[in-house]
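K.L.:
Fold the following for me, if possible:
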Amino acid sequence: MKKVVLSALALAMGSFVMAQNVSNVTQERATAAATVNVDQDGNGNKSTVEQIGVDEHGTTASSVKVKQQGKDNKSTIDQGDIWDNGATATGVATDVNQNGMENNSIISQGGRLNVADVDQVGDNNLSKIDVQGGYKNRIKVKQNDDDNKSTVWQNWSYNEVFVTQSGDNAYNGANVSDVNQTSANSLVDIDQVGRRNNSTVDQYGANTSGYGTDLTTTVNQNGNDNKSVVSQTGISNLVSVVQNGNDNYAKSTQDGVSNKMYTTQRNGNGNRSYASQDITTSNSVIKTMQQNGNNNISTANQYSTTDAMISVTQSGNGNNSIVNQTLVDSNTSVIVNQSN
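P.N.:
Residues are numbered from 1 along each chain as shown. Below is the predicted model:
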């Protein structure tokens, strides 16, 4: 009887220990392609990795791989010093894979030629990159199903952000993606599939004028109650928003010259698109297409316009289009096509 009691107590203590696993790794001046690999399986696991002054060795990049399965897992990674003493990271690869409930991944990278890859599958997951800080960096976030949220802040130039959120099979599909990119020659690509997804992107230049060059934002939303708000400041920038579904809303704003804005809403009801290009708009284009839907509304605006065009195509019932061009100069045109 005594042995049985001791065995039960040992099992209880073993379970308690499993729920309290923690991994904390710190490396300093690891300039020879340092590698950290953490694999946790269970409940309540936590992993914190910090690398300082990491760098690639030849063509081999320094890497951190964290894999967590279960619930209540948390992974926090800080690489390349992130401005504590001026050290930067070059060629650093971070891969975090979380599978379960209430997982949390926060990655902060500093330097150039870095890759942050986060894959979350489960419920109530959160991924926050915060700041990557450098050039030619890539952020890839993939979230599947319930209540996922992704927040990315990236600066400098030639950077890429890819966010894929899928909530089509989720209980409520409340995915949210918020991206802030201070950069030039950079890309933001967001693909949301599901219900009640929300995407907000803000792109502008890293220089003192705040003007970014060759910035691209692509948003694809397929489902119900989706919302997309995109703001760009700069020259030769592109915004492309495609929404399929019900009650979608897209608002895009560009400030600068030689910009292009495309909004496509189809196969849905109650879609609305407000497009605006401001401050000495020249060689710029706004194209809005609303097809096969009901109660769609499109409002387009261009201010101080030269060599610019607004094109609106609406096909369906009860559509409304309002176009406003102010201080129009040469070679400026408006084309509106409506059919029921």
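K.L.:
correct me, but Ser240 touches Val219?
P.N.:
Yes. With contact defined as CB atoms under 8 Å, Ser240 reaches Val219; the gap is 7.3 Å. (Each C-beta comes from the backbone N, C-alpha and C, glycine too.)
K.L.:
Apart from its neighbours in sequence, what residue is nearest Ile322?
P.N.:
Residue nearest to Ile322 in three dimensions, not counting chain neighbours: Thr299, with 4.7 Å by CB to CB, 6 or more residues apart in numbering.
K.L.:
roughly how far apart are the one you found and Gln314?
P.N.:
12 Å (CB to CB, to the nearest Å).
K.L.:
joint contacts of the two?
P.N.:
Common neighbours of Thr299 and Gln314, using CB atoms under 8 Å, 6 or more residues apart in numbering, are Ser321.
K.L.:
Could I get the contacting residues of Asn125?
P.N.:
Taking CB under 8 Å, 6+ apart as the test, what Asn125 contacts is Gln98, Glu102, Asn103, Asn104, Ser105, Gln143, Asp146, Asp147, Asn148, Lys149.
K.L.:
and which of those is nearest to Gln27?
P.N.:
Ser105 (19.2 Å; CB to CB).
K.L.:
Quick check: the two most widely separated of the contacts of Asn125?
P.N.:
Farthest pair in the contacts of Asn125, by CB to CB: Ser105 and Asp146, 15.7 Å.
K.L.:
who has more neighbours, the two?
P.N.:
Ser105 (27 against 20; other CB atoms under 10 Å).
K.L.:
Where does the more buried one fall, secondary structure wise?
P.N.:
Assigned by DSSP states H and E, Ser105 belongs to strand 104-108.
K.L.:
any low-confidence regions in the stretch 1-150 of the chain?
P.N.:
Residues of the stretch 1-150 of the chain meeting the criterion pLDDT under 70: 1-19, 30-32, 55-60, 81-89, 132-133.
K.L.:
give me that answer again for 80
P.N.:
1-20, 26-34, 51-62, 79-92, 110-113, 130-135 (pLDDT under 80).
K.L.:
residue boundaries of the helices in the protein?
P.N.:
Assigned by DSSP state H, the helices in the chain fall at 2-19.
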